[in-house]
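Trainee: No letters, just coordinates:
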């Protein structure tokens, strides 16, 4: 019995892999076509464009996890049904509950893979893709390595040693020179507050200022001061990760930091809960695909099952986007916005189960 259950589970996993390859390949080609428009800008060549697309593959897997779960399970179970394998399994004593347990096993594996992808893979691959592209396109004077990030404009240099939670530059050094290349002012900054959303003006916190005044070195300490940055939005993206590129833990810690400082955190909190719900949604969508197979094994073709699954997946995506936009405008709780689409699917599954039970009941 265990061998048969494992066979079903592996079949469902193969369905996930097949659909993941199809989806990633399709949207990678679309992304590559977009990137080719920028090939030739600066030092950005076609090999870097291909690498940029490849590094975005984990993000595509995360974006389409729910769709892959739904249609992948329909592909796998539909194939078993089309070849009469499900019927054969029933004849040797494999009950529907055993099939459900096998699908649950596959769903749990998919959830774990999605979480690992979101936590460990995507933050590094997206940031690497962004850094390499930016340096090639417009960051000829920038440098990033083990010693941190360096950039310069005219007579000013900036050195960022570390980035906290992927969004907060800490241990920052700023050097300002005159036309004779003499050091006018040196700033050491504990952390930079970029929450104001102003790309050209930074709020420096915990600043030690060293400068020459009448030939003598003067050292002062400022708790906060504004500084006119020379970094473009693209250059800033080298050191500050985009919200969607943050790991779950970094995003959570960043949200908590914003709340402690009583700053606006709604956008990041919503993104955090949406990321948390992606693996849950993927698992739920897998079980949504089961009625497409078991409800009509003999009357519905595999192509029709897949079509219905695709329509269900697209509907789920559209409803999710509508809830997100409406909820954001109405300032609903991020937890409600993130969990509402999956909750609606759970209600739908409960209704399907109740209707199936009522048809099987006598009278």
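Mentor: In hand now; what should we look at? As the structure is a prediction and not an experimental result, all values here were calculated from the model.

Trainee: Now do the contacts for the residue positioned nearest the centre of the chain.
Mentor: Computing the C-alpha centroid of the chain and ranking residues by Cα atoms, centre = their mean puts residue 244 first, at 4.8 Å. By Cβ atoms under 8 Å, 6 or more residues apart in numbering, the contact set of residue 244 is 59, 126, 271. Any C-beta I mention is one placed from the backbone N, CA and C, and that applies to glycine too.

Trainee: Take those and keep only those in helices.
Mentor: 59, 126, 271 (DSSP state H).

Trainee: Let me know the closest of those residues to residue 309.
Mentor: residue 59 (23.0 Å; Cβ to Cβ).

Trainee: just how off-centre is stretch 128-148 within its chain?
Mentor: 22 Å (Cα atoms, centre = their mean, to the nearest Å).

Trainee: right, I mislabeled it, should have said stretch 35-46
Mentor: 25 Å.

Trainee: returning to that earlier point: drop anything exposed from the ones in helices among the contacts of residue 244.
Mentor: Buried subset of those (neighbour count, 16 or more other Cβ atoms under 10 Å): 59, 126, 271.

Trainee: Tabulate those residues (JSON lines), appending distance to residue 87 and pLDDT.
Mentor: JSON lines is the format used below for those (distance: Cβ to Cβ, whole Å; pLDDT from 0 to 100):
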{"residue": "59", "distance to residue 87": "40", "pLDDT": "96"}
{"residue": "126", "distance to residue 87": "46", "pLDDT": "94"}
{"residue": "271", "distance to residue 87": "45", "pLDDT": "96"}
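
Trainee: Redo the residues you listed as TSV? Include distance to residue 260.
Mentor: Rendered in TSV, the data for those read as follows (distance: Cβ to Cβ, whole Å):
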residue	distance to residue 260
59	29
126	27
271	18
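
Trainee: Downstream of the helix or strand residue 77 falls within, the next helix or strand is which one?
Mentor: Using DSSP states H and E, the element containing residue 77 is helix 65-82. For helix 65-82, the following helix or strand on the C-terminal side (DSSP H and E) is helix 85-91.

Trainee: what helices or strands is that following helix leaning on?
Mentor: Counting contacts by 3 or more Cβ pairs under 8 Å, 6 or more residues apart in numbering; DSSP states H and E, helix 85-91 packs against helix 65-82.
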